[in-house]
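Colleague: Please work out how this folds:
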Amino acid sequence: MKIIPAIDILDGKCVRLSKGNYDTSKIYNENPLEVAKQFEAHGIEFLHLVDLDGAKSGTIINHKVLHEIASGTNLTIDFGGGIKTRKDVLIAFENGAAKITGGTMAVKNRPLFEECLEVFGADKIILGADQSNGKIAVSGWLEDSREEAILFIRDYFSKGIRQVISTDISKDGMLEGPNFKWYTEILSEIEGIQLIASGGIATLDDVVRLSEIGCYGTIIGKAIYENRISLKALENYILANTN
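Modeller: Below is the predicted model:
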């Protein structure tokens, strides 16, 4: 299973939120590149980079941070937040994103999201399927859609999507463990999906259990920043599970 640390950017700084609430933002480092380099130094190959300013405003804001990390490390970066137009997609790729994650676009501009999937391919487009009470949330989680989460994922899987990042918003940043029931449901309902779990991961045991139920990857944020899971422990996990 892929270990994917998260860096959330607000005002150019590395922060974490609780349940997606911007009022709960806590700054962990004012230099996101420094954080990314720490991840890479511990054998981590992947990074989930979120432009919180972009998610809130509706267009990419922190593309310079993306460029700095992409040019300053060898991390494979999936980038999300504020990607709502064709121009945003191009900005993300031009600044070093290996993949983009589309959530709001996938709900509010289906033709464009499907076009991106066709043009760039399933290896470069990740579906963001973050849910609150079974409904897909959009616009930096500031808005709930009417989309039933499981149907939403299944529909896009039928159209070629393979990788899906799904966060149970009620779990995000709470360090109380992920929603294993939700991820088990997705995996049982949609055979062959590459599911990346996000939200609530608090211990290495959570990581192991997500792997056991069949998750393709897991995004870890606050557990790293609050030293619940050390980078050394993740390095050892990666080494132990590398074939």
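
Colleague: Please confirm that residue 65 is located within a helix.
Modeller: Yes: Residue 65 forms part of a helix when assessed by DSSP: H, G, I helix; E, B strand; the rest coil.

Colleague: Let me see the contact set for residue 220.
Modeller: Residue 220 sits next to 3, 4, 5, 6, 201, 207, 229, 234 when contact means C-beta atoms under 8 Å, 6 or more residues apart in numbering. Backbone N, C-alpha and C define where each C-beta goes, glycine included.

Colleague: Sorry, wrong one. I was asking about residue 81.
Modeller: 9, 50, 51, 52, 53, 54, 55, 60, 62, 140.

Colleague: Report the beta-bridge partner residues of the residue nearest the centre of the chain.
Modeller: The centre of the chain sits closest to residue 48, judged by C-alpha atoms, centre = their mean, with a distance of 5.0 Å. Here residue 48 sits in beta bridges with residue 6, residue 78, as judged by DSSP bridges.

Colleague: So it sits against residue 4, correct?
Modeller: Yes: Residue 48 lies in contact with residue 4 (C-beta atoms under 8 Å); the separation is 5.0 Å.

Colleague: For the two, list the residues in contact with both.
Modeller: With C-beta under 8 Å, 6+ apart as the test, residue 48 and residue 4 both reach 78, 219.

Colleague: Spell out the residue ranges of the strands in the protein.
Modeller: 2-10, 13-18, 21-29, 46-51, 76-80, 99-102, 125-128, 131-132, 135-138, 143-148, 163-167, 194-198, 217-220 (DSSP state E).

Colleague: just for the chain, where's the confidence low?
Modeller: Along the chain, the parts satisfying pLDDT under 70 run over 139-145, 243.

Colleague: CA-only coordinates of stretch 36-53 in PDB, if you can.
Modeller: Extracted in PDB, the C-alpha atoms of stretch 36-53 (Å, rounded to 0.1, in the frame of the first residue of the first chain):
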ATOM      1  CA  ALA A  36       8.500  17.700   1.600                       C
ATOM      2  CA  LYS A  37      12.300  17.100   1.800                       C
ATOM      3  CA  GLN A  38      11.900  15.500   5.200                       C
ATOM      4  CA  PHE A  39       9.400  13.100   3.800                       C
ATOM      5  CA  GLU A  40      11.700  12.200   0.900                       C
ATOM      6  CA  ALA A  41      14.600  11.700   3.200                       C
ATOM      7  CA  HIS A  42      12.600   8.900   4.900                       C
ATOM      8  CA  GLY A  43      12.000   7.000   1.800                       C
ATOM      9  CA  ILE A  44       8.600   8.400   0.900                       C
ATOM     10  CA  GLU A  45       7.900   8.700  -2.800                       C
ATOM     11  CA  PHE A  46       4.500  10.200  -2.900                       C
ATOM     12  CA  LEU A  47       2.900  13.500  -1.800                       C
ATOM     13  CA  HIS A  48      -0.700  14.700  -1.600                       C
ATOM     14  CA  LEU A  49      -0.600  18.500  -1.900                       C
ATOM     15  CA  VAL A  50      -3.700  20.500  -1.300                       C
ATOM     16  CA  ASP A  51      -4.200  24.200  -2.100                       C
ATOM     17  CA  LEU A  52      -6.700  25.200   0.600                       C
ATOM     18  CA  ASP A  53      -6.700  28.800  -0.600                       C
END
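
Colleague: so which of the strands of the chain gets nearest residue 178?
Modeller: Distance to residue 178, taken as C-beta to C-beta, is lowest for strand 194-198 among these, at 5.6 Å.

Colleague: tell me what that closest one is packed against?
Modeller: If contacts are counted by 3 or more C-beta pairs under 8 Å, 6 or more residues apart in numbering; DSSP states H and E, strand 194-198 sits against strand 2-10, strand 163-167, helix 180-189, strand 217-220.
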